[in-house]
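Engineer: Need coordinates for the below:
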Amino acid sequence: MAGADVIILNGPMGVGKTTTARALMDRLLPALFLDGDYVSDFQPFDVRQPEHLDYIEDTLVHMVAFHAANGFQRQIVAGVFETPERLANFDARLRSQGHDVTCFRLTCESREHERRVRGRNRENLHWELQRHRELTRVLNEGAARGFLGHRVDTTGRSAEDVAEHIAGELRRP
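Structural biologist: Numbers count the residues shown, from 1 in each chain. Okay, here's the model as predicted:
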């Protein structure tokens, strides 16, 4: 099995991971997008249960391997890796399968970020606003302790602009 180029988009909800991943796919054809939110769409799911997060990451590792074995050599994984240790473990597991991994941490100015979360028009808006604030804090603290991805500020930028920036970073030697 040939290894894939795996691009991880890390960041809190509402920062633009999914939209950026879809725009990035257009620049990396052929490519495949795996969204951690869809992998974690099981009930009951608790973001504070390490075994639930492990399940998501285990599933993503298996999916990357499956898709690489079936010819998808560029894969974009969007997810939330809250600690440098969790991201490093995920990265190491992918690399042990022969994949090349590059991680980007998407960030956004707080007012714009909150506007984006509100714009999602989800019925659990109160929880999503609390969770986005909590995740932003946790990710900032984690980034101060270690690597959570190459930081890309999405404030005032379209997903297409962010995807173009990331694609440019990937082309650099």
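Engineer: hey, let's count contacts and neighbours off CA atoms from now on
Structural biologist: Fine.
Engineer: Is it correct that residue 91 is in contact with residue 99?
Structural biologist: No - using C-alpha atoms under 8 Å, residue 91 makes no contact with residue 99, being 9.1 Å away.
Engineer: Quick check: next helix or strand after the lengthiest strand in the chain?
Structural biologist: Determined from DSSP state E, the single longest strand within the chain is strand 100-107. On the C-terminal side of strand 100-107, the nearest following helix or strand under DSSP states H and E is helix 110-119.
Engineer: Now that following helix: buried residues?
Structural biologist: 113-114, 116-117 (16 or more other C-alpha atoms under 10 Å).
Engineer: Can I get these in CSV including distance to residue 33 and pLDDT?
Structural biologist: Output for those, formatted as CSV (distance: C-alpha to C-alpha, whole Å; pLDDT from 0 to 100):
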residue, distance to residue 33, pLDDT
113, 23, 91
114, 25, 92
116, 21, 92
117, 21, 91
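Engineer: now for those, which pair is the farthest apart?
Structural biologist: 113 and 117 (6.4 Å; C-alpha to C-alpha).
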